[in-house]
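**Q** What follows is a protein structure lacking sequence information:
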């Protein structure tokens, strides 16, 4: 009987610490498209959590606009998110009109700045044009974009709206759109089946580096009036630094673009202990996190509770308060 009580005591102690409980957890983490920064980052973080917290996490492809829906519905326990889109999901605003997602919560944010890339083949006539000339002039470009439900497409459509156009308008003028994953976009560009690509990745984007092998590309800057328009939706502005893509035709130049940070999202239904364990395991191993992907090199746990788009999960809030980052 004494041995039985000891066993129960050990089990209850483990429950309090969140250790072996985590070892029994199997979770899904919805990331981005295969070949993108989010997918690589999610995989690296999942491995860290397996080692440090005993969590079994399966990373699945997703997208900026898909992920809030999957987390809200409970089809994924963890998801990568973008603050403006998460805020829209919480409130039921575009692109989720009438579809409020009140259960979305955050564990960490202000990390892995994602950057929009608009690049064209250096040998094409579009390389001598500005982004505004291509969009506003409705040039007959063959353009690779992501599949519906991605944050890339959400912003792409905002850009078209700014220039008072639609897919139908542009296609009537001779444009053609190729929809595919980041890897598929790179392949289509390399094979010269497209003239350019509009895509959203953390720097440096693996698929863009891949696309530049065998075909020179040129990155085009986002014009200031467009950036001011996108700022209304919560997007920022930042450079693609010189040397990010060494094989690009304009590799030595800084190219101004639109940006958004990343938030790790969960559901309010996740237990406080599990949310705390995940938050602590990632932030207490920040040196390891920074090595997962180049876009995480500047991540600061003291800033992890900022610019999230949705409220902090109580378990995550407990961590930031214990550390003194949140008062």
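**A** Good, I have the coordinates. These numbers come from a predicted model, not from an experiment.

**Q** could you pull out the helices for the stretch 201-327 of the chain?
**A** 206-211, 224-231, 272-283, 286-292, 314-323 (DSSP state H, counting those that start in this stretch).

**Q** And these: which comes nearest residue 162?
**A** Residue 162 sits nearest to helix 224-231 of all the helices of the stretch 201-327 of the chain, at 4.8 Å, using Cβ to Cβ. Heads up, the C-betas are built off the backbone N, CA and C, glycines and all.

**Q** if I pick residue 39, what's in contact with it?
**A** Contacts of residue 39 were listed using Cβ atoms under 8 Å, 6 or more residues apart in numbering, and they are 31-33, 59, 61.

**Q** measure it to residue 45 for me?
**A** Relative to residue 45, residue 39 is positioned 11 Å away (criterion: Cβ to Cβ, to the nearest Å).

**Q** Same question for residue 79.
**A** For residue 79, the distance to residue 45 - Cβ to Cβ - is 12 Å.

**Q** Now do the same for residue 170: its pLDDT.
**A** You'll see residue 170 listed with a pLDDT of 98.

**Q** who's in contact with the helix or strand where it lies?
**A** Using DSSP states H and E, the element containing residue 170 is helix 167-172. Helix 167-172 has contacts (Cβ under 8 Å, 6+ apart) with 138, 160, 177.

**Q** In JSON lines, list those along with pLDDT, secondary structure and distance to residue 120.
**A** Formatted as JSON lines, those follow (pLDDT from 0 to 100; DSSP: H, G, I helix; E, B strand; the rest coil; distance: Cβ to Cβ, whole Å):
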{"residue": "138", "pLDDT": "97", "secondary structure": "coil", "distance to residue 120": "15"}
{"residue": "160", "pLDDT": "97", "secondary structure": "helix", "distance to residue 120": "17"}
{"residue": "177", "pLDDT": "98", "secondary structure": "strand", "distance to residue 120": "14"}
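
**Q** Could you list which residues are in contact with residue 219?
**A** 117-119, 240, 245, 248, 250, 255.

**Q** and of the residues you listed, the nearest to residue 264?
**A** Using Cβ to Cβ, those come closest to residue 264 at residue 117, 23.0 Å.

**Q** Give me the secondary structure label for the closest one.
**A** State at residue 117, reduced to three classes by DSSP: H, G, I helix; E, B strand; the rest coil: strand.

**Q** Next, count neighbours for it.
**A** Number of residues near residue 117 (other Cβ atoms under 10 Å) recorded here: 27.

**Q** so where does the nearest residue to it once chain neighbours are set aside fall, helix or strand?
**A** In space, and not counting its chain neighbours, residue 117 is closest to residue 199: 5.2 Å by Cβ to Cβ, 6 or more residues apart in numbering. Using DSSP H and E, residue 199 sits within strand 196-202.

**Q** ok now that strand, how far from the chain's centre?
**A** Chain-centre distance of strand 196-202: 12 Å, with Cα atoms, centre = their mean, to the nearest Å.
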